[in-house]
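In: Here's my sequence, what's the structure:
(4 chains)
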2 protein chains.
Amino acid sequence: MTEWLTDDQQRAWRNLIGVATLLPASLDSNLRCDADLTGFDYWILAMLSEAPDRQLRMSALARQSNASLSRLSHAVARLESRGYVQKAPLADDGRVTVARLTDGGMAKVVETAPGHVAHVRDVVFRDLSPEQVAQLEDVCGSILGRLTDEISARDGEPGQSSGR
Amino acid sequence: MTEWLTDDQQRAWRNLIGVATLLPASLDSNLRCDADLTGFDYWILAMLSEAPDRQLRMSALARQSNASLSRLSHAVARLESRGYVQKAPLADDGRVTVARLTDGGMAKVVETAPGHVAHVRDVVFRDLSPEQVAQLEDVCGSILGRLTDEISARDGEPGQSSGR
DNA sequence: CGTCGTAGGTTGATGGTTCAAGTAACCCGA
DNA sequence: TCGGGTTACTTGAACCATCAACCTACGACG
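Out: Next comes the predicted model:
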């Protein structure tokens, strides 16, 4: 009987799916309204703002943001056209593109961050005890590990699978 | 100091965002490949298959699936054109549309479900203890409650907000 | 028995994501 | 030093979600 989910699992599953669909929508809606940014756009800007020298290679940025290179490329192109980031080829290796946060982009982050963080606290962490925060980190970390394993397995063995 | 997140919260936040972005992508990719269905499409079919008489009003379906009526309308239109569901106005109230799962749609669910459920178990529940499943339900339920509160607050007070 | 307001859905345009294909720079062996 | 393979990224088309506008059916009030 490995066929279906237990009742406990079903309830957890429904809640998780609900969060996974509603949470991004809520963040997007809030950021779009306040700053005309996608959640993903904001995430990119925020990561660049914390990176050394405020710049990162495209592939590193893609990995850190759990996005495909294609998605990132489109998004950064849009952000560049709005003056928030600037792209430049790396001197050492002409294949590599580094995205750098401009001063305007940094200003945008500084201006947007407080409201965004307040919203996140309101929706996610308000009423969560420290133990629940730890549990959230733990359980999501476990799931996240399997998700990233799955991804690296997919493009690690493009031709054949052997393990199962 | 209500400005930023604590370190614990930051780590939990990163993991949650990772799951919220990667999990839908993983489900979509798996279902698209196996059954040429969106995760949302599958969810609709699955809900109809469990509903009394295999039919539901559009608005009820929208609420249960955490989707906007517009999104649902488009999705059901696509599913109808593929012969999986059928729409009909309700006799009592001409405004209401009920979506009913056809035999073909039921067959599709029966055919697709096992692989989908197996994938969910592999990615989400594999290696989670019963306590962790309970914690997941609990914490996500709490967050989900705040998210749905936010939504009903938004279209409950369309004219003005007072609190902030 | 109109008509005003609202509930329930639909539609079209816009914009972001994805997938497949393409391009250019690097590396390595002969 | 030249050609095949790989890495890193970009591009264009197709698709899905979202938002705003719209439309029809019901309900209530005069």
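In: Correct me if wrong, but A:Leu37 is in a strand.
Out: No. In this structure, A:Leu37 is coil, not part of a strand, as judged by DSSP: H, G, I helix; E, B strand; the rest coil.
In: quick one: it from A:Tyr84, how far?
Out: In this structure, A:Leu37 and A:Tyr84 are separated by 9 Å, where distance is defined by CB to CB, to the nearest Å. All C-beta atoms are positioned from the backbone trio N, CA, C, and that covers glycine.
In: go on, A:Ser152?
Out: Between A:Ser152 and A:Tyr84 the distance, using CB to CB, works out to 31 Å.
In: can you check A:Arg78 too?
Out: Remark: distance between A:Arg78 and A:Tyr84 (CB to CB) = 9 Å.
In: So between these two, which is more surrounded?
Out: Remark: of A:Arg78 and A:Tyr84, A:Tyr84 carries more neighbours, 24 against 13, as counted by other CB atoms under 10 Å in any protein chain shown.
In: That one touches A:Thr112, doesn't it?
Out: No. A:Tyr84 is not in contact with A:Thr112 according to CB atoms under 8 Å; the separation is 10.8 Å.
In: Give the residues shared as contacts by these two.
Out: Between them, A:Tyr84 and A:Thr112 share these contacting residues under CB atoms under 8 Å, 6 or more residues apart in numbering or on different chains: A:Leu45.
In: Could you list the buried residues of stretch A:105-125?
Out: Neighbour counts over stretch A:105-125 (16 or more other CB atoms under 10 Å in any protein chain shown) mark A:105, A:108-109, A:112-113, A:116-117, A:119-121, A:123-125 as buried.
In: backbone phi and psi for the residue lying closest to A:Ser73 once chain neighbours are set aside, please?
Out: The shortest distance from A:Ser73 to any residue that is not its chain neighbour, by CB to CB, 6 or more residues apart in numbering or on different chains, is 6.9 Å, and that residue is A:Met58. Summarising the backbone geometry of A:Met58 under the convention degrees, to the nearest 10, its torsions are phi -60, psi -50.
In: In contact with A:Met58: list those residues for me.
Out: If you count contacts by CB under 8 Å, 6+ apart, then A:Met58 has A:69, A:72-73, A:76, A:96-99 around it.
In: Tell me the spacing between A:Glu50 and B:Gln86.
Out: Separation of A:Glu50 from B:Gln86 (CB to CB): 52 Å.
In: which of the two has more neighbours?
Out: Neighbour totals were compared for A:Glu50 and B:Gln86, and B:Gln86 leads with 16 against 11 (other CB under 10 Å).
In: For the host helix or strand of that one, list every residue counted as buried.
Out: B:Gln86 belongs to strand B:85-89 when assigned by DSSP states H and E. Of the residues in strand B:85-89, those with enough neighbours to count as buried (16+ other CB under 10 Å) are B:85-86.
In: Ramachandran coordinates for A:Gln55?
Out: In this entry, A:Gln55 is assigned phi and psi values of phi -150, psi 150 (degrees, to the nearest 10).
In: Please disregard the earlier target; I meant A:Arg82.
Out: Dihedral angles for A:Arg82 - degrees, to the nearest 10 - are phi -100, psi 0.
In: so A:Gln64 touches A:Ile44, yeah?
Out: No. A:Gln64 lies out of contact with A:Ile44 (CB under 8 Å); the separation is 9.4 Å.
In: Those two - which one has more neighbours?
Out: Set side by side, A:Gln64 and A:Ile44 show more neighbours around A:Ile44, with 28 against 14, by other CB under 10 Å.
In: residues of stretch A:82-101 that come out buried?
Out: Judged by neighbour count using 16+ other CB under 10 Å, the buried positions of stretch A:82-101 are A:84-86, A:97-99, A:101.
In: For these, name the two members farthest from one another.
Out: Using CB to CB, the two most remote members of the buried residues of stretch A:82-101 are A:Tyr84 and A:Thr97, lying 15.7 Å apart.
In: host element of A:Val98?
Out: With DSSP H and E as the test, A:Val98 turns up in strand A:97-101.
In: Would you tell me whether that strand gets close to DNA strand C?
Out: No. Counting by CB under 7 Å from any atom of the strand, no contacts exist between strand A:97-101 and DNA strand C, the nearest distance being 10.5 Å.
In: for the closest residue to DNA strand C within chain A, helix, strand, or coil?
Out: Of the residues in chain A, the one nearest DNA strand C is A:Gly94, at a distance of 2.6 Å by CB to the nearest atom of the strand. Reducing the assignment at A:Gly94 to three states with three-state DSSP gives coil.
In: What are the phi and psi values at the residue of chain A found nearest DNA strand D?
Out: Distances from chain A to DNA strand D, computed as CB to the nearest atom of the strand, single out A:Ser59 as the nearest residue at 2.8 Å. Summarising the backbone geometry of A:Ser59 under the convention degrees, to the nearest 10, its torsions are phi -70, psi -40.
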